[in-house]
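[1] Here is a sequence with its predicted model. Questions after.
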Amino acid sequence: MLTDNTNGSRNNNVSSVQLRQLKPSFSSRFKEFFIRHLQVFFYSLGLLSRSPFATLMTASALGIALALPAGLYVILDHASQLSGDMNSINQISLFMKKDTSDKRIKAIQKKLHAYPEIAQVKHINRAAALQEFQDNSGFGDALKALKNNPLPDLLIVYPSLTHSDPQQISTLLIELKKIKQVDLVQLDIQWLQRLYAIINIGQRGVLIIGSLLALAVLLIIGNTIRLAIENRRSEIVVMKLIGGTDSFIRRPFLYTGFWYGLLGSLIAVLLVNISLIIINDPLAHLSSLYDNNLFSLGLMGIKISSTLLLSGCLLGLLGARIAVGKHLKEIEPK
Amino acid sequence: MILFDQVSKRYQGGNEALSNVNFHLHPGEMAFLTGHSGAGKSTLLKLIALIERASTGNVIIGGKNLNKVGRHTLPYLRRNMGIIFQDYQLLYDRTVFDNVALPLIISGFSSREVKKRVHAALDKVGLLRFEKKYPITLSGGEQQRVSIARAVVNKPALLLADEPTGNLDPDLSREIMDLFMAFNQVGVTVLIATHDIPLIKQLDKRIIQLSHGQLNPGISSSTDQFTVNS
């Protein structure tokens, strides 16, 4: 059929037209399905790159909307990690009864050490404590006048990191109080509880802001896709006239939504990381004013970044699907 | 191939575009649909192409009652007919090749098949050398030939054309009509709505005339204008 008769004989070889309608084979359609998907995937990217400025503006709006909850989440995540790191907060002092023998204390220490919720148990011997007190407090002579050592033996319990939330520590405290030789259990738990309460509120806040901004992302993408559909109204009409199914016509718009979501979340990752770099310096300075441990937020972790990218893409697809579902039905050939 | 059985079409507002139309177009037949502006020619074609639905009566295409065709099966039915418009309805941001390839891509042909068939279709309408051009750079007659190539590329059994020569001079119109005749010769059923009475009088094909939404039995060059189905 591909003869070189481009001119003149155009009417003569019409006889090759067959009456039956052509249909591709099933395997061909199956294979083509994926190839076409891939083509549309990149075709829709090509469409976006034809108007880079408009694309960038929309993607930036999405990026800002996504960056806000993501950034807050990063900060909050570090705050809760920070509280976890502060073992000193989570140390429980067990003041032993004075008549407890050293041997007995060693046994208790060993027993506590076997608890899964306890990371470490340190024994401060009452004699050693007194010695230290005498050396450092400046009351050395006064203390020497005492007949008996007034200090009790002390066991310092460090709960393991996996068991450091207030609820678990409270249970552990009750457990520790049951030990017969323990005179007093001490923990500044209120401070910890307050911190966790604040973090909890923060987490809810991030959830609310995140949900609202996710909705904003849906609306932005939905509106962008609606405009894209409007711009290509005549194309959609032609597609419908020559037998394009809804899913075929829908496809490029869905991929457009996907690309917007991906671009937006990439911009969000960039924005959050830039912000972290800006914040990290003064933060390090602040933490150096408290102690020598330099505290830094670092950059976004891979887990948070990929979660952000994934949710960006999904929001893009979803926003496009909603817009296409609503507006494609309105466009019919007339 | 096309059977109209007591078909009426009433638009909102009470305007009756077609009233009680009966006719039968046999497979392989070619007919011209004529009538004054507003006689209902376009409406009749739209009923066949499922762009509009009949208010009453049955339109049966290739044995399928269009009243029973739902939204989801409609695209597959349209793939079996090639539709040609007065204003070509081409996509101007794509090349001639891509325009003609569209029906094949929609149906899921492989790239090799698409290339082969698009070339064949463009060859038939004499535009193979224009495959890489954009439609906007072509003349009206050439654009109409592109749209014909697109309509026949997946070898439909039925060709519908709404004023295909409406924007063309007599010579080009004749060329286009010759193309339709050639497709009809190999068995494609063809129905063309047109104003161009002088042209179609030369062609000796059946003429279906509409007047105020009704078939006019007076002028017909074919015998079985009516196939009354009770």
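    Right, received. Where do you want to start?
[2] which residue packs closest to B:Leu18, ignoring adjacent ones?
    Excluding the flanking residues, the one nearest B:Leu18 by Cβ to Cβ, 6 or more residues apart in numbering or on different chains is B:Lys9, at 4.3 Å. Every residue, glycine included, has its C-beta placed from N, CA and C.
[3] residues in contact with that neighbour?
    B:16-18, B:40, B:43, B:47, B:52, B:54-55, B:213 (Cβ atoms under 8 Å, 6 or more residues apart in numbering or on different chains).
[4] what's the answer for A:Leu68, then?
    Taking Cβ under 8 Å, 6+ apart as the criterion, A:Leu68 is in contact with A:209, A:213.
[5] Locate it within the secondary structure: which element?
    Assigning secondary structure by DSSP states H and E places A:Leu68 in helix A:52-85.
[6] Now the residue sitting nearest the centre point of chain B: closest residue in space that isn't a chain neighbour?
    By Cα atoms, centre = their mean, chain B has its centre lying nearest to B:Leu160, at 1.0 Å. Spatial nearest neighbour of B:Leu160, chain neighbours left out: B:Ile83 (5.0 Å); criterion: Cβ to Cβ, 6+ apart.
[7] Next, count neighbours for the one you found.
    25 (other Cβ atoms under 10 Å in any protein chain shown).
[8] Is it within a helix or a strand, and which one?
    Using DSSP H and E, the element containing B:Ile83 is strand B:81-84.
[9] Can you mark which positions in that strand are buried?
    Within strand B:81-84, the residues that qualify as buried are B:81-84, counting by 16 or more other Cβ atoms under 10 Å in any protein chain shown.
[10] Touching stretch A:91-108 from outside, list them.
    A:123, A:125-126, A:152-159, A:169, A:172-173, A:176, A:179, A:181-187.
[11] Return the members of those classed as buried.
    A:123, A:126, A:152-155, A:157-159, A:169, A:172-173, A:176, A:179, A:181-182, A:185, A:187.
[12] Where does pLDDT dip in chain A?
    Applying pLDDT under 70 to chain A picks out residues A:1-23, A:81-90, A:137-138, A:164, A:166, A:188-192, A:291-295.
[13] Strands along chain B, start to end?
    For chain B, the strands defined by DSSP state E cover B:2-10, B:16-25, B:30-34, B:56-61, B:64-65, B:81-84, B:158-162, B:189-193, B:206-211, B:214-216.
[14] Next, format those strands as TSV and append mean pLDDT.
    What follows is the strands of chain B, written out as TSV (pLDDT from 0 to 100):
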stretch	mean pLDDT
strand B:2-10	90
strand B:16-25	89
strand B:30-34	93
strand B:56-61	92
strand B:64-65	89
strand B:81-84	92
strand B:158-162	93
strand B:189-193	94
strand B:206-211	90
strand B:214-216	83
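[15] Give me the neighbour count for the closest residue to A:Leu47 other than its chain neighbours.
    Closest residue to A:Leu47 apart from its sequence neighbours, by Cβ to Cβ, 6+ apart: A:Thr256 at 6.8 Å. Residues lying near A:Thr256 (other Cβ under 10 Å) number 26.
[16] And the helices in the chain, which stretches?
    You didn't say which chain, so I picked chain A. For chain A, helices defined by DSSP state H occupy the ranges A:26-50, A:52-85, A:102-113, A:126-137, A:140-144, A:166-177, A:189-231, A:233-241, A:246-290, A:302-327.
[17] The chain in question should be chain B.
    B:41-48, B:74-78, B:96-107, B:111-124, B:140-152, B:170-185, B:197-201.
[18] got JSON lines for these, with mean neighbour count, mean pLDDT and distance to chain A too?
    Shown next, in JSON lines, are these (neighbours: other Cβ atoms under 10 Å in any protein chain shown; pLDDT from 0 to 100; distance: least, Cβ to the nearest Cβ, whole Å):
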{"stretch": "helix B:41-48", "mean neighbour count": "23", "mean pLDDT": "91", "distance to chain A": "8"}
{"stretch": "helix B:74-78", "mean neighbour count": "18", "mean pLDDT": "90", "distance to chain A": "4"}
{"stretch": "helix B:96-107", "mean neighbour count": "24", "mean pLDDT": "92", "distance to chain A": "5"}
{"stretch": "helix B:111-124", "mean neighbour count": "20", "mean pLDDT": "92", "distance to chain A": "4"}
{"stretch": "helix B:140-152", "mean neighbour count": "24", "mean pLDDT": "92", "distance to chain A": "7"}
{"stretch": "helix B:170-185", "mean neighbour count": "18", "mean pLDDT": "90", "distance to chain A": "4"}
{"stretch": "helix B:197-201", "mean neighbour count": "14", "mean pLDDT": "88", "distance to chain A": "17"}
